[in-house]
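K.L.:
let me see the structure of the following:
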Amino acid sequence: MNTRPDTNRRLEKLGGLAAIYGALVYLLTMTVFLLVLDYPSLTNPADRAAMIINHQGLVIILHWLSYILFGLALTVLSFALFKTIHLKDASGMIFATIFAVIWATLLIASGLIFNHGAAAVAALHIADPEQAVLLWQGIEVISSALSFADGELLGGLWMVLVGVSAGKSGHFHKFLNLLAVGVGFLGILSIVPFLNILSALFGLGQLIWFIGIGISLLKGTAKAH
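P.N.:
Numbering: from 1, shown residues only. The predicted structure follows:
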């Protein structure tokens, strides 16, 4: 009895759920960090450390959701896309999946470092507030670097390759593939120092793409007709 079609369909569904999760966690993170905590507006190191300490539980949960679990979901999605597309464009999807797994690994590492650092800073702040601020500055630099705060290179490369490969193989709607390529190029360009703001557009575009890809995988309509 051949169970491969059922296995592939289960992987597609898991990939679809992972993509929807990615969209939801993007929306949640943007809302909380930008509108509730207003973290980007805090430029003073002491203020940033104080925010982390005062909202320690919330930021740790958010980093679990948006970095650690998101990294795992990204890995599932990348393998689901590889399984769906690779027979028609193996080389493109191999490189895409490698970039996705590296990206996911670094995001998970960033989240773990951030959460461990937040707990350590909160504990140190009780005895030595100044040292706590200095410690947080170091932790934040490392965590931000691993999460590509200065440009979405790997995420951009992954999306460009997936969009091109899906287009070649006739998978997914043409709009989704063009969106993937366009958003991916925004991510790649965002590594240029004066174009870092493109990272925000990358995030918004990827959110929309996650929803579209997730629905296609869940419905089993990945193959365009």
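
K.L.:
rest of the way, CA atoms for contacts and neighbours
P.N.:
OK.

K.L.:
show me what the helix or strand encompassing G22 is packed up against.
P.N.:
Assigned by DSSP states H and E, G22 belongs to helix 4-30. In terms of contacts (3 or more Cα pairs under 8 Å, 6 or more residues apart in numbering; DSSP states H and E), helix 4-30 is packed against helix 69-85, helix 198-219.

K.L.:
please identify the deepest-packed of these.
P.N.:
Ranked by mean neighbour count, the helices and strands packed on helix 4-30 are led by helix 69-85 with a mean of 23 (mean count of other Cα atoms under 10 Å).

K.L.:
can I get the CA coordinates of that helix in CSV?
P.N.:
What follows is helix 69-85, C-alpha atoms only, in CSV (Å, rounded to 0.1, in the frame of the first residue of the first chain):
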residue,chain,number,x,y,z
LEU,A,69,8.6,28.7,18.1
PHE,A,70,8.6,30.8,14.9
GLY,A,71,11.9,29.3,14.0
LEU,A,72,10.5,25.8,14.5
ALA,A,73,7.5,26.7,12.4
LEU,A,74,9.7,28.2,9.7
THR,A,75,11.6,24.9,9.5
VAL,A,76,8.4,23.0,9.1
LEU,A,77,7.1,25.4,6.4
SER,A,78,10.4,25.3,4.5
PHE,A,79,10.4,21.5,4.3
ALA,A,80,6.8,21.4,3.3
LEU,A,81,7.6,23.8,0.4
PHE,A,82,10.6,21.7,-0.5
LYS,A,83,8.5,18.6,-0.7
THR,A,84,5.9,20.3,-2.7
ILE,A,85,8.1,22.0,-5.3
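
K.L.:
state the mean pLDDT of it.
P.N.:
The average pLDDT within helix 69-85 is 95.

K.L.:
surely G16 and W209 touch.
P.N.:
No. With contact defined as Cα atoms under 8 Å, G16 does not count as touching W209 (11.5 Å).

K.L.:
coming back round to it: any chance of the helices and strands packed on helix 4-30 in JSON lines, plus distance to V101?
P.N.:
Converted to JSON lines, these look like this (distance: least, Cα to Cα, whole Å):
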{"stretch": "helix 69-85", "distance to V101": "6"}
{"stretch": "helix 198-219", "distance to V101": "17"}
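
K.L.:
what's the closest of those to T105?
P.N.:
The closest of the helices and strands packed on helix 4-30 to T105 is helix 69-85. By Cα to Cα, the value is 6.6 Å.

K.L.:
contacts for that closest one?
P.N.:
8, 11-12, 14-16, 18-19, 21-22, 25, 64, 93-94, 96-97, 100-101, 103-105, 107-108, 162, 165-166, 169, 171, 222 (Cα atoms under 8 Å, 6 or more residues apart in numbering).

K.L.:
many thanks, I have nothing further to ask.
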